[in-house]
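J.: Provided below are the primary sequence and the corresponding predicted coordinates.
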Amino acid sequence: MPSIWVESLQHEFEAALDLLAAAVNACPGNLWQAPMWEVPGDLFGPAPNGPDGVPVTDPEARRALVQRRSAPWSVAWHALECLDYDLAGEFAPWTPPPPFAGNPHWQLTSLRRAWAPAEILAYGEYCRGRVRTTLATLTDDLAARPLPPAHRYAGQPHARVITEACLHTVEHAAQVGQFGQLARG
């Protein structure tokens, strides 16, 4: 039987993933690829690679490419990829499921197309299963393990990063949800 803490965390992850799914489902199609906020033009460097692998130097084309970072599809993808990665914690090899495998979010300018809502929702369900599997085996000793040097939060206890991943998912679900609500008036 899991501890009350793990059981409570499971409940919060379910709520976070439900919130993200609801935000994705409610986002109007005409806004799915629209930027929710202005992204700094140099976020990916002065000439990020486009989908064809060629650096994009035209200012308008570069702006459009960089602004994808704040579109609902991209923000939802980012939330799920971070959750998936943080559940693994660099304790074992990690690869997201198809079609996301081989397309890391930090290389989003090279992606040929926006992910469809159905793809994001499927990734959310995949992450829901990963949460259940991870939490089902989470002991106090495993939760206390410091993350390996390869992880962006190296040295932090895995439990802290897992907990923060839940909050991170809620944060981005709220952004996507609010954007869709504002658009509907």
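T.: Cool, got the structure.
J.: so what's W5 up against?
T.: If you count contacts by C-beta atoms under 8 Å, 6 or more residues apart in numbering, W5 has none. Any C-beta I mention is one placed from the backbone N, CA and C, and that applies to glycine too.
J.: What of P148?
T.: 89-91, 154.
J.: Quick check: phi and psi at P55.
T.: Main-chain torsions, P55, degrees, to the nearest 10: phi -60, psi 140.
J.: What strand or helix carries the most centrally placed residue in the chain?
T.: The chain has A79 as the residue nearest its centroid, 2.0 Å off, counting by C-alpha atoms, centre = their mean. Assigned by DSSP states H and E, A79 belongs to helix 72-88.
J.: helices or strands next to that helix in the packing?
T.: Under the contact definition 3 or more C-beta pairs under 8 Å, 6 or more residues apart in numbering; DSSP states H and E, helix 72-88 sits against helix 4-26, helix 117-136, helix 158-184.
J.: Try it again at 6 Å.
T.: Using 3 or more C-beta pairs under 6 Å, 6 or more residues apart in numbering; DSSP states H and E as the contact test, the elements touching helix 72-88 are helix 117-136, helix 158-184.
J.: Would you mark the buried spots in the helix or strand of the chain with the lowest mean pLDDT?
T.: Sorting the helices and strands of the chain by mean pLDDT, DSSP states H and E puts helix 59-67 at the bottom, at a mean of 87. By 16 or more other C-beta atoms under 10 Å, the buried positions in helix 59-67 come out as 62, 65-67.
J.: list the helices and strands it packs on?
T.: Against helix 59-67 (3+ C-beta pairs under 6 Å, 6+ apart) you get no helix or strand.
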